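*Asks:* Fold the stuff below for me.
(one chain, ligands or ions: 1)
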Amino acid sequence: MEMKEFYDYEGEISKLSNAVSLLEWDMRTKIPPKGVKDRAEVIGKLSRMIFEMSTAPKMAEFVEYFNRPRIYDSLSDVDRREVDLASKHYRRQKSIPPDKIEKFSIICSKGESIWQEARAESNFAKFQPVLEEIVEYLKEFTELYGYEENRYDALLEGYEPSTTTNDIKKIVDGLKTDLVPFIKKISQAKVPNDAILNGNFDKSLQEKLSIEVLKAMTYDLDGGRLDETAHPFTIGIGPGDVRVTTKYDPKNLKPSFFGTMHEGGHALYEQGISKEYRRTMVGTAASMGIHESQSRTWENMIGRSRAFWKFFYPKLVEIFPQYADIPVEDFYKAINVVRPSLIRIEADEVTYNLHIILRFEIEEAIINDRVKVADLPELWNSKIKEYLGMEPSNDAEGVLQDVHWAGGQMGYFPSYMLGNLYAAQFFARARKEIPDLDERIASGDLKTFREWQREKIHRHGSLYDPKDLVMKVTGEPLNHKYFMDYITEKFSDVYGI
Ligand code: ZN
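*Replies:* Alright, predicted model coming up:
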């Protein structure tokens, strides 16, 4: 058997996945309402075909053959990595009987619609029974997947390979200790005026601005496009087709502008993966956390920096002349206002991680039977009070705010925090290696940094585990100090504290 045969087989699966991605993109951007139900069935059918091919005897044969020591040792580094990734994926998929997966996915779609009603009514009791069912399934899955120390490890593995609950706990402990007092300090300082971000902003002009910034970021528009959606996302539809989406708020520029930069950061990653890995598992992103680090870098470290606006403000003024009389420094401070919020998706970059820490702690306790689903609202409210000093007035702005649990996604949230932390550590390294990085950004040269990211991170795809990648790029394991240094320096200046 040759590796080529194996790659060809994976290539067939990848083509089907591309078809699903295109159908999903369409379902979230263009589809008329009456087409949704049937489309979901088409996606369901194709997804089953993908699952069947990924768990077929043919795949078992490949996994068995290429893992034979004599064969495995004779492979190149990249081929060996491909075999490792494919074997892991195969075992994970095989560990849960298909009828259980099917039942679980039915419960999750039921969960999502019940969650929607429960949130609208702010009624946790309505959501509780289906969430209990979902949690029981997830606990059972962790046993089937297997884990070494903590049940939660088995869930994390699906989003952040090789990162354990213990790794996250260590990071969370350090981060909480440093972050909570810093937020207290900021909340006592005078808040910059961010009312200047409100106004009337024509949608087509916002779109023009979004395209302008994507171009500045060196996003390849011949290999992608920008469309409008309700919940922005980036999707790779195949080699040469990586699409971004954004949403427009006619009264405020922030959602579309920073949303576009965020998604653009994800897209640069996908566009930058080496073409030689096309249609392989190595040719996919290293993890959700690494993916998120690329988007957060562009959204926050570049998009909310003084250097960037030195170059980009005139472009904004050209499209929205109402800013002509507002000094760029005022604008810079306005986009960096820190305002603790009960709602995660409205959180600024300083308080965001606390929202994630809260969710991680709750999920880990639930999966390990230390907390009952019925006790969630109370636990949620006491934690948010401890971390942000705020109390939800109802469950809709507390425990019911995210769709993730309703969709069966536990273990996902930590990637958001890891993304912020990886981003700060990578960016600190880039600063060291490109000493005039700020000057370059201020002059509109974003390509030098993009090239650095591509060389160090993007092109490798999944060639390295996230932990190894961080080590390789920065010379040390993930350390939350880089994030703390970054926000302390930036926000002490913005807030004059
Ligand atoms: Zn993202």
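*Asks:* The longest helix along the chain: which residues count as buried?
*Replies:* For the chain, the helix that runs over the most residues, judged by DSSP state H, is helix 3-29. Applying a neighbour-count criterion of 16 or more other C-beta atoms under 10 Å, the buried positions in helix 3-29 are 3, 6-7, 9-10, 13-14, 17-21, 23-25, 28-29. In this view, the C-beta of every residue, glycine as well, is placed from N, C-alpha and C.
*Asks:* Apart from its chain neighbours, what residue comes closest to Ala334?
*Replies:* Asp194 (4.0 Å; C-beta to C-beta, 6 or more residues apart in numbering).
*Asks:* and the one you found, what does it touch?
*Replies:* Residues in contact with Asp194 (C-beta atoms under 8 Å, 6 or more residues apart in numbering) are Lys333, Ala334, Ile335, Val337.
*Asks:* and what of Ile168?
*Replies:* Taking C-beta under 8 Å, 6+ apart, we find Ile168 in contact with Leu156, Phe360, Pro414, Leu418.
*Asks:* wait, the last one sits on Leu478?
*Replies:* This points to Leu418. Yes: between Leu418 and Leu478 there is a contact under C-beta atoms under 8 Å: 7.3 Å.
*Asks:* ok, now how distant is the residue nearest to Ala334 from Lys333?
*Replies:* Using C-beta to C-beta, to the nearest Å, Asp194 is found at 8 Å from Lys333.
*Asks:* Identify the residues contacting Glu143.
*Replies:* The contact partners of Glu143, taken as C-beta under 8 Å, 6+ apart, are Arg151, Ala154.
*Asks:* any idea which element the nearest residue to Ile114 once chain neighbours are set aside lies in?
*Replies:* Leaving aside its chain neighbours, Ile114 sits nearest to Val130 (5.1 Å; criterion: C-beta to C-beta, 6+ apart). Assigned by DSSP states H and E, Val130 falls within helix 124-145.
*Asks:* Distance from the chain centre to that helix, please.
*Replies:* For helix 124-145, the gap between its own C-alpha mean and the chain's C-alpha mean amounts to 23 Å (C-alpha atoms, centre = their mean, to the nearest Å).
*Asks:* what is the rounded mean pLDDT of it?
*Replies:* The pLDDT scores in helix 124-145 average 97.
*Asks:* which helices and strands does the helix or strand just after it pack with?
*Replies:* Going down the chain from helix 124-145, the next helix or strand is helix 151-156, by DSSP H and E. Counting by 3 or more C-beta pairs under 8 Å, 6 or more residues apart in numbering; DSSP states H and E, the packing neighbours recorded for helix 151-156 are helix 124-145, helix 165-187, helix 352-367.
*Asks:* Thr284: which of those helices is closest?
*Replies:* Closest to Thr284 of the helices and strands packed on helix 151-156 is helix 124-145 (C-beta to C-beta; 19.8 Å).
*Asks:* Give the full set of residues in contact with the residue nearest in space to the middle of the chain.
*Replies:* Central residue of the chain (C-alpha atoms, centre = their mean): Glu292, 4.0 Å from the mean position. Glu292 sits next to Ser415, Tyr416, Leu418, Gly419, Asn420, Tyr422, Ala423 when contact means C-beta under 8 Å, 6+ apart.
*Asks:* can we see that at 7 Å?
*Replies:* Ser415, Tyr416, Gly419 (C-beta atoms under 7 Å, 6 or more residues apart in numbering).
*Asks:* after the one helix or strand the first one maps to, next one along is what?
*Replies:* Spelled out, it's Ser415. For Ser415, the element it lies in under DSSP H and E is helix 414-433. With elements assigned by DSSP H and E, the helix or strand that comes after helix 414-433 is helix 437-442.
*Asks:* List the buried residues for the very next helix or strand once past that following helix?
*Replies:* Next along the chain after helix 437-442, taking DSSP H and E as the criterion, comes helix 447-456. Of the residues in helix 447-456, Phe449, Arg450, Trp452, Gln453, Arg454, Lys456 count as buried by neighbour count, 16+ other C-beta under 10 Å.
*Asks:* so the last one makes contact with Val473?
*Replies:* Pointing back at Lys456 there. Yes: counting by C-beta atoms under 7 Å, Lys456 does reach Val473; the two are 4.8 Å apart.
*Asks:* For the stretch 101-250 of the chain, give me the ranges with low pLDDT.
*Replies:* Under the criterion pLDDT under 70, no range of the stretch 101-250 of the chain is flagged.
*Asks:* Kindly recompute the last result at 90.
*Replies:* For the stretch 101-250 of the chain, applying pLDDT under 90 flags the ranges 102, 105-106, 109, 187, 230-231, 239.
*Asks:* for the stretch 251-400 of the chain, same thing?
*Replies:* In the stretch 251-400 of the chain, no residues with pLDDT under 90.
*Asks:* what ranges do the helices span in it?
*Replies:* 254-272, 288-296, 306-319, 328-334, 352-367, 376-388 (DSSP state H, counting those that start in this stretch).
*Asks:* can you list those helices in a markdown table and add distance to Arg279?
*Replies:* Listed next are the helices of the stretch 251-400 of the chain as a markdown table, based on distance: least, C-beta to C-beta, whole Å:
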| stretch | distance to Arg279 |
| --- | --- |
| helix 254-272 | 14 |
| helix 288-296 | 19 |
| helix 306-319 | 35 |
| helix 328-334 | 43 |
| helix 352-367 | 33 |
| helix 376-388 | 42 |
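*Asks:* show me the contacts for Asp79.
*Replies:* Met3.
*Asks:* quick one on the thing from earlier: got the angle for the helix holding Val130 vs helix 376-388?
*Replies:* With axes from the mean of the first three to the mean of the last three C-alpha atoms, to 10 degrees defining the directions, helix 124-145 sits at 90 degrees from helix 376-388.
*Asks:* Pop the domain breakdown of this structure in here.
*Replies:* According to automatic domain parsing, the chain comprises the domains 3-146, 165-495.
*Asks:* now those domains as TSV including distance to Tyr152?
*Replies:* Listed next are the domains of the chain as TSV, based on distance: least, C-beta to C-beta, whole Å:
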stretch	distance to Tyr152
domain 3-146	7
domain 165-495	5
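*Asks:* and the ones you listed, which is most packed in?
*Replies:* Here the criterion is mean neighbour count by mean count of other C-beta atoms under 10 Å, and of the domains of the chain the winner is domain 165-495, at a mean of 18.
*Asks:* circling back to that earlier point, need the helices and strands packed on helix 151-156 in TSV (columns: distance to Leu316).
*Replies:* TSV is the format used below for the helices and strands packed on helix 151-156 (distance: least, C-beta to C-beta, whole Å):
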stretch	distance to Leu316
helix 124-145	42
helix 165-187	26
helix 352-367	24
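*Asks:* quick one: which of the ones you listed is nearest Ser256?
*Replies:* The closest approach between Ser256 and any of those, judged by C-beta to C-beta, belongs to helix 352-367 at 19.2 Å.
*Asks:* which other helices and strands contact that closest one?
*Replies:* Counting by 3 or more C-beta pairs under 7 Å, 6 or more residues apart in numbering; DSSP states H and E, the packing neighbours recorded for helix 352-367 are helix 124-145, helix 151-156, helix 165-187, helix 376-388, helix 414-433.
*Asks:* Let's see that helix as PDB, backbone CA atoms only.
*Replies:* What follows is helix 352-367, C-alpha atoms only, in PDB (Å, rounded to 0.1, in the frame of the first residue of the first chain):
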ATOM      1  CA  TYR A 352     -13.500  38.600  28.100                       C
ATOM      2  CA  ASN A 353     -11.400  35.900  29.600                       C
ATOM      3  CA  LEU A 354     -13.300  36.000  32.900                       C
ATOM      4  CA  HIS A 355     -16.400  35.000  31.000                       C
ATOM      5  CA  ILE A 356     -14.600  32.000  29.700                       C
ATOM      6  CA  ILE A 357     -13.100  31.100  33.100                       C
ATOM      7  CA  LEU A 358     -16.500  31.000  34.600                       C
ATOM      8  CA  ARG A 359     -17.800  28.700  31.900                       C
ATOM      9  CA  PHE A 360     -14.800  26.400  32.100                       C
ATOM     10  CA  GLU A 361     -15.100  26.000  35.800                       C
ATOM     11  CA  ILE A 362     -18.900  25.300  35.600                       C
ATOM     12  CA  GLU A 363     -18.500  22.800  32.800                       C
ATOM     13  CA  GLU A 364     -15.600  20.900  34.500                       C
ATOM     14  CA  ALA A 365     -17.600  20.700  37.700                       C
ATOM     15  CA  ILE A 366     -20.700  19.400  35.900                       C
ATOM     16  CA  ILE A 367     -18.900  16.800  33.800                       C
END
